[in-house]
Structures are given as C-alpha cells and as structure tokens.
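S.K.: need a 3D model of the sequence below.
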Amino acid sequence: MYRILNLTVCAFLVFFSCADEESNEQKSYSNWTVVGDGMSSPVTKNVLTEFVGSTNCPYCPEQDELLLSYFDSGSENYVGSEITSNWFIINYHTYHPSMWDPMYLFLRGEAAEDDFCYIRFGNGYGTGSWYNISGVPTTYTNGAYSYVNPNMAVGPMAENTPVQLSLDGTSIDGVDVIVQVSINSVRNMSSSDSLHLFIAATLDDVNYTGYNGQGHHDDVFLGWINEGLEGELLSLDNEEIAKTYTWTMPANWPQNEYETTWSQVEYDIANLSVVAFIQNKYTKSIIQVMGTD
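M.R.: Numbers count the residues shown, from 1 in each chain. Model prediction:
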C-alpha cells in the first residue's frame, strides 16, 4: 500500500493549540445498571474497519472508494447484505501528510497528549496508545492491520466473542444524540483491566474537496461520545449492564479558532450515526462492535 511519510507533524502538534472540544459539544452520562442475566454461550463477532486517511493524501481516495464499493449494492464489488449488515466503518481524518484537513483540525488537541489522533495512532515511533502509524492510508480491521480487499471482513466474522453489544433504544434527533448501550457477557471478566468501550459519532455524505481532489466522504469521525481519548474501562461480570449517554454535534463543525474558511464543507445532520466498540488494550483486538443505521 502506498504511504506518505510524515514523522514531524505530531511533535509540531505539541506547540499548537485549538478550540477546546468540550466547549463545542455537550455530553452527559448515566451510571451502569444491571438489567438482566448474562449470556450462556458466545456470539458471532461483528466487524469494525478503521480507515485512517486525510484529504491531503493523494493515495487515500482510491483506497477509500474501494472500501466503500463493498457496501454499494449497485457496485460489482458489493459483498452482500449478510456481510455489510454486520460490518461498520469509522473514517478518521489525520495530520498526515499535513494537518490542514478541516475534519481533523476541528478535533486537534492543545498538545499531542490531548489530540485524539496522536493518542490513537501515534507518530510512527511507538507513541500511539492503540496503534502506531507512520503514514496514510492505513486500515485496521478488528484491531489488526489490513489491506483493503473484498474478504477483509470474512475472517473476523467467523470468530466468536464472549461479549454482546447493543445500541437498541439509541435515538438521533437533529444534532442531539441519545445513546443507549447494553453489554452482555458470557463469563465474569470483572478482574480484567483490558477492555475499553469507545463510542464514536460519525457522519455520512460530507462534501469537501481538499488537496487530493476527493469530494465526498462517508463515515467521518466526529469525536468520542463517551469520556476521554482512551475509551472507558469496563468491568464485565456474567450479566447484562446498560448505560445512557447524550451528545450534541457542535454547531460550528468543522470550523475552529484558527481556520474559518471551511464554510464550503457541506453536510446534512440527518446522516449522523453512532458506532460503539469494545477493544482489548493489550491485544488491540476488537471484542465486539455495533452501529446505528
């Protein structure tokens, strides 16, 4: 896969500040509540593909479009509804090969340790808490590096997992999102410190043409709905637990204090979605994932 090497920008991030994300969005959370008994047997894994790219990356459009073609029922590459109905995508925009992508810049932290991209993907020198990339496009499927191909979801989908994840009851009303998460486990894993819950807001059909000429963007990462950049540590017993989160999409997305000329970014809030996943901190494996339609 073609790469664009950029190992200096992450350090550059440390010295640049941006608008505080918390000031642009509203969040609130309930406590976990036990709502039922645990499962008696494992379930099939769903699949999460994390596409890491940028509108400044000349090789990203081809790979992104190929990935999306597997979900397009009108494409000769379509892999079928049995796969796509259990396969979810998050498309992260990054600082590779330069930071001037509005969908990344809106989320840029005041320093590297406050930057979602630096925390999740690092700078190529082992600094990422979850992954460690040195360029884009880079793709991970269920936590493992993968190249874009029509069978990339087949292997993970053949695996079982001890955890079920549901977003039943989740509602999206304009810019306001109420996420109802329930997690059910087949065994007691309360002594483990490895499982972390991430809840992402994403947006389809974003129209913006950057350096690479790609004008249409799907599954765009808008930020984490639950607190923190490292996910929420879970303590799972053999029971079903539930929790509610609320989130409001920032009205000024994707503009920030440093760049206000991105009014040409067009989108419809009707295309908001939620993707929730549980990831093992040590193996990086995605334990389970679920998304809204």
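
S.K.: looking at the chain, which helix or strand is least sure?
M.R.: helix 9-13 (a mean of 37; mean pLDDT, DSSP states H and E).

S.K.: how close does Pro97 get to Cys57?
M.R.: Per C-beta to C-beta, to the nearest Å, Pro97 is found 6 Å from Cys57. C-beta: built from backbone N, CA, C; applies to glycine.

S.K.: compare these two (neighbour count), which wins?
M.R.: Each of Pro97 and Cys57 has its neighbours counted (other C-beta atoms under 10 Å); Cys57 has more, 28 against 18.

S.K.: quick check: phi and psi at the nearest residue to that one once chain neighbours are set aside.
M.R.: Nearest non-adjacent residue to Cys57, counting by C-beta to C-beta, 6 or more residues apart in numbering: Val136, 4.8 Å away. Main-chain dihedrals, Val136, degrees, to the nearest 10: phi -130, psi 160.

S.K.: what's the neighbour count on Val136?
M.R.: Neighbour tally, Val136, other C-beta under 10 Å: 27.

S.K.: now do the same for the residue nearest the centre of the chain: helix, strand or coil?
M.R.: Geometric centre of the chain, nearest residue: Ile90, 4.1 Å, by C-alpha atoms, centre = their mean. When classified by DSSP: H, G, I helix; E, B strand; the rest coil, Ile90 comes out as strand.

S.K.: okay, now the unreliable bits of the protein?
M.R.: Applying pLDDT under 70 to the chain picks out residues 1-24, 257-263.

S.K.: show me the helices in it, by range?
M.R.: Assigned by DSSP state H, the chain shows helices spanning 9-13, 21-24, 60-69, 81-84, 102-105, 116-121, 154-157.

S.K.: can I get the ones you listed in TSV including distance to Gly143 and mean neighbour count?
M.R.: Shown next, in TSV, are the helices of the chain (distance: least, C-beta to C-beta, whole Å; neighbours: other C-beta atoms under 10 Å):
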stretch	distance to Gly143	mean neighbour count
helix 9-13	21	18
helix 21-24	25	14
helix 60-69	17	19
helix 81-84	18	14
helix 102-105	22	22
helix 116-121	12	24
helix 154-157	9	16
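
S.K.: those: which one's closest to Trp253?
M.R.: helix 21-24 (7.6 Å; C-beta to C-beta).

S.K.: so what's the closest residue to Phe88 other than its chain neighbours up against?
M.R.: Nearest residue to Phe88 in three dimensions, chain neighbours excluded: Gly291, at 4.2 Å (C-beta to C-beta, 6+ apart). By C-beta atoms under 8 Å, 6 or more residues apart in numbering, Gly291 lies in contact with Phe88, Leu167, Ser273, Val274, Val275, Ala276.

S.K.: beta partners of the first one?
M.R.: Going back to what we said before, that points to Phe88. Leu48 (DSSP bridges).

S.K.: wait, isn't it in contact with Leu48?
M.R.: Yes. Proximity of Phe88 to Leu48 meets the contact threshold set by C-beta atoms under 8 Å, at 5.3 Å.

S.K.: overlap in contacts of the two?
M.R.: Val275, Phe277, Val289.

S.K.: distance of Met103 from Thr139?
M.R.: From Met103 to Thr139 the distance is 17 Å (C-beta to C-beta).

S.K.: before we move on, the earlier item: dump the helices of the chain into TSV; add distance to Val43 as well.
M.R.: As requested, these are exported to TSV (distance: least, C-beta to C-beta, whole Å):
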stretch	distance to Val43
helix 9-13	38
helix 21-24	34
helix 60-69	25
helix 81-84	16
helix 102-105	34
helix 116-121	26
helix 154-157	12
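
S.K.: ok, which of those comes nearest Ser40?
M.R.: Nearest to Ser40, of the helices of the chain and by C-beta to C-beta, is helix 154-157 at 21.6 Å.
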